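A.B. asks: 3D model of this:
(chains A and B)
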Number of protein chains: 2
Amino acid sequence: MNRPEYIQERDGALWLTEVESGHLKLNWRLKNVLHVERSPFQEIAIVDTETFGRALVLDGVVQTTAGDEFIYNEMISHVPLALHPNPKQVLVIGGGDGGAVRECLKYPSVERVDLVEIDEQVTSACRTYLPELAGQLDDPRVRTRFEDGVQYIKGVENQYDVIIVDSSDPIGPATVLFEEPFYRSVKAALRPGGIMVCQSESPLFYLPVLQNTRRVLNELFPVTRTYWAPVPTYPGALWTFTLGCLFDPFEDSGWTRRIREESTRYVTADLAEGSFALPAFVRRALGVAE
Amino acid sequence: MNRPEYIQERDGALWLTEVESGHLKLNWRLKNVLHVERSPFQEIAIVDTETFGRALVLDGVVQTTAGDEFIYNEMISHVPLALHPNPKQVLVIGGGDGGAVRECLKYPSVERVDLVEIDEQVTSACRTYLPELAGQLDDPRVRTRFEDGVQYIKGVENQYDVIIVDSSDPIGPATVLFEEPFYRSVKAALRPGGIMVCQSESPLFYLPVLQNTRRVLNELFPVTRTYWAPVPTYPGALWTFTLGCLFDPFEDSGWTRRIREESTRYVTADLAEGSFALPAFVRRALGVAE
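C.D. replies: Now for the predicted structure:
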């Protein structure tokens, strides 16, 4: 196993250098490098960090860590699932680590979760080294497909109650997951009364991405809303998620009671409610009163 | 001006290496180093970062940046000032950059803000290089004293409506700002109906500090509450603040309407309300139902 160039030994310890941008780098001290392989799509590594335990690293960028993944995965999953009055069929696009799927399975109405991940080797590595994330992929309600989510969604109509777009950043292959044709396909794949959610980046670092995502969803869906959570291991920390809804789920002001907070480490009913209160600068940038 | 050892030139650019812990380091690319000096207390630097603009750096640790300071400074100031029905006399301990003072002055009932900062050279450097933070220190309502906040507060009784403890981390000189005798003095310095707030660290990295702070304040004050905000430039990102109140300000459920959101970039009435919804793991660690 060749050590990637972004992992180097210094002062008797292994350090992973993560390039957040040309202007910011994060250095993680490692206990160990557990796995390195190159897939047709990217270089995959699983490392054990001192700070947040085991982490999935793609092309040198930390995607998720055992220590803080619960915040992101709970927020991208529980909010749309609690907003939908009776979610049965769920689709997760991306998210090959299995964390969002794990959260979806906590909702007893859910009969099936389809996971569409482009890179089978990511999921395979997470099954072996991050079972706390990927361990639920063997649940009989889960069907995992390894293909391009953009292609998959084009062939699906009127099938899902909730669609979760758990993408990486809008650079390289994930760029199309932030564009209008993709969201049009997502809308067509929803059943009546369906809800979709996507991660819409940090408004401190990528405000135009959030603005553009919201604009595209506004054109397609009768109801759109943005909510947020703190994600310690992503640059910018303040992270947003944007919903596109085929009906107005907020008319039922008691929706937060459906959050299964007995099973969570981060989200509660009150916190789900509060996550829709946007920072003043985000409100202004989006031109909304939320 | 000697360049500190934590700032080095690499690949034709200046980089500041911030040691977050023995396990995590952050590299900030700099446009420029504006100022370096050694005070009796610490090494003070003002740098211009590519990511968040100008930053105050003490002993190599980034304390505040022009790009994200508004989140922390608004949250530590507006929440207690809006909770108090009529704050007139305000004390800020620490916070020599002037950011919290700037926010306090936005409340028209405030007649005086005393700033007690131990290191005069910090404030002087911020006046010169970070006027967006320290520029309000010339307001006639502000009185700045350069002395040890712990000593100052011992000599004060029944004087302030709101006391803001804007401390650095509980290592080195700031340790005493997290201990019971200090908070006992703070309580004595409050007028009847007074409110104090302190930053109580990240529950992801320093959960025992939050638990201890809350325990000490619970023993001293009839009403304590913890709220939180995302602070991108602090490790752990999810940051907490803990209140000690001599009465129950939450009985007035309309308190958030007093947040002066027309003057803010982060906090709004809704966001102030939402900031009291604690993550599930923090609720459990504190043994509270908030």
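
A.B. asks: count of residues packed around the residue lying closest to residue A:119 once chain neighbours are set aside?
C.D. replies: Distances taken as CB to CB, 6 or more residues apart in numbering or on different chains place residue A:41 nearest to residue A:119, at 4.6 Å, with adjacent residues excluded. All C-beta spots, glycine's among them, are computed from the backbone N, C-alpha and C. Using other CB atoms under 10 Å in any protein chain shown, residue A:41 has 16 other residues around it.

A.B. asks: got the contact list for the residue nearest to residue A:33 when sequence neighbours are not counted?
C.D. replies: Spatial nearest neighbour of residue A:33, excluding adjacent residues (CB to CB, 6+ apart): residue A:47 at 5.3 Å. With contact taken as CB atoms under 8 Å, 6 or more residues apart in numbering or on different chains, residue A:47 is in contact with A:7, A:16, A:28, A:30, A:32-34, A:54-55, A:57.

A.B. asks: ok, those residues vs residue B:86, which is closest?
C.D. replies: Residue B:86 lies nearest to residue A:28 out of the contacts of residue A:47, by CB to CB, at 48.5 Å.

A.B. asks: not counting its neighbours along the chain, what's nearest residue A:185?
C.D. replies: In space, and not counting its chain neighbours, residue A:185 is closest to residue A:153: 4.3 Å by CB to CB, 6+ apart.

A.B. asks: I'd say the one you found and residue A:93 touch.
C.D. replies: Yes. Counting by CB atoms under 8 Å, residue A:153 touches residue A:93, with 6.9 Å between them.

A.B. asks: assign a three-state SS to residue A:164, would you?
C.D. replies: What DSSP: H, G, I helix; E, B strand; the rest coil gives for residue A:164 is strand.

A.B. asks: once you drop chain neighbours, what's closest to it?
C.D. replies: residue A:92 (4.7 Å).

A.B. asks: give me the low-pLDDT residue ranges for the stretch 1-150 of chain A?
C.D. replies: Along the stretch 1-150 of chain A, segments meeting pLDDT under 70 span A:1.

A.B. asks: the stretch 1-150 of chain A: helices as residue ranges?
C.D. replies: Secondary structure of the stretch 1-150 of chain A by DSSP state H, counting those that start in this stretch: the helices cover A:69-83, A:99-104, A:120-129, A:131-134, A:149-154.

A.B. asks: for the longest one, the distance to its chain's centre please.
C.D. replies: Between the centre of helix A:69-83 and the centre of its chain there are 9 Å (CA atoms, centre = their mean, to the nearest Å).

A.B. asks: elements contacting it?
C.D. replies: helix A:99-104, strand A:160-166, strand A:190-199, strand A:223-230, strand A:238-245, helix A:269-274 (3 or more CB pairs under 8 Å, 6 or more residues apart in numbering or on different chains; DSSP states H and E).

A.B. asks: likewise for the fourth one?
C.D. replies: For helix A:131-134, the contact count by 3+ CB pairs under 8 Å, 6+ apart identifies helix A:120-129 as packing neighbours.

A.B. asks: if you count neighbours, what's buried in the helix it packs on?
C.D. replies: Buried positions in helix A:120-129, judged by neighbour count with 16 or more other CB atoms under 10 Å in any protein chain shown: A:120-127, A:129.

A.B. asks: excluding residues flanking it in the chain, which one is nearest the residue of the stretch 151-290 of chain A found nearest chain B?
C.D. replies: Chain B sits closest to residue A:274 of the stretch 151-290 of chain A, with a gap of 2.5 Å, by CB to the nearest CB. In this structure, residue A:274 finds its nearest non-sequential neighbour in residue B:274, 2.5 Å apart by CB to CB, 6+ apart.

A.B. asks: what's the answer for residue A:286, then?
C.D. replies: Closest residue to residue A:286 apart from its sequence neighbours, by CB to CB, 6+ apart: residue A:214 at 5.6 Å.

A.B. asks: please look at that neighbour and residue A:226 and confirm they touch.
C.D. replies: Yes. Between residue A:214 and residue A:226 there is a contact under CB under 8 Å: 6.2 Å.

A.B. asks: any common contacting residues for these two?
C.D. replies: Taking CB under 8 Å, 6+ apart as the contact rule, residue A:214 and residue A:226 both touch A:200, A:242, A:286.

A.B. asks: can you lay out those as a markdown table showing distance to residue B:278 and neighbour count?
C.D. replies: Shown next, in a markdown table, are the shared contacts of residue A:214 and residue A:226 (distance: CB to CB, whole Å; neighbours: other CB atoms under 10 Å in any protein chain shown):
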| residue | distance to residue B:278 | neighbour count |
| --- | --- | --- |
| A:200 | 24 | 26 |
| A:242 | 24 | 24 |
| A:286 | 26 | 21 |
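
A.B. asks: residue A:66: which of these is nearest?
C.D. replies: Out of the shared contacts of residue A:214 and residue A:226, the member with the shortest distance to residue A:66 (by CB to CB) is residue A:200, at 24.6 Å.

A.B. asks: and for the spatially most central residue of chain A, nearest residue in space, chain neighbours not counted?
C.D. replies: Nearest residue to the geometric centre of chain A (CA atoms, centre = their mean): residue A:166, 3.3 Å. Nearest non-adjacent residue to residue A:166, counting by CB to CB, 6+ apart: residue A:95, 3.3 Å away.

A.B. asks: what's the answer for residue A:3, then?
C.D. replies: Closest to residue A:3 by CB to CB, 6+ apart is residue A:33, at 6.4 Å.

A.B. asks: that neighbour: neighbour count?
C.D. replies: By other CB under 10 Å, the residues close to residue A:33 number 17.

A.B. asks: quick one: it and residue B:24, what's the gap?
C.D. replies: In this view, residue A:33 and residue B:24 are 17 Å apart by CB to CB, to the nearest Å.

A.B. asks: now do residue A:103
C.D. replies: 27 Å.

A.B. asks: quick one, which of these two is more surrounded?
C.D. replies: Just comparing residue A:103 and residue B:24: by other CB under 10 Å the higher neighbour count belongs to residue A:103, 26 against 20.

A.B. asks: just grab the bridge partners of residue A:196 for me.
C.D. replies: Note on residue A:196: beta-bridge partners by DSSP bridges are residue A:163, residue A:244.

A.B. asks: cool, residue A:37 as well?
C.D. replies: residue A:44.

A.B. asks: and for residue A:65?
C.D. replies: Under DSSP bridges, the beta-bridge partners of residue A:65 are residue A:55.

A.B. asks: got a list of what it touches?
C.D. replies: Contacts of residue A:65 (CB under 8 Å, 6+ apart): A:49, A:51-56, A:233.

A.B. asks: in those residues, find the pair that's most separated.
C.D. replies: Across the contacts of residue A:65, the longest distance by CB to CB is 14.7 Å; it joins A:51 and A:56.

A.B. asks: now for the closest residue to chain B within the stretch 51-200 of chain A: which residues touch it?
C.D. replies: Residue of the stretch 51-200 of chain A nearest chain B, by CB to the nearest CB: residue A:51 (4.9 Å). With contact taken as CB under 8 Å, 6+ apart, residue A:51 is in contact with A:28-29, A:65, A:67, B:21, B:23-24.
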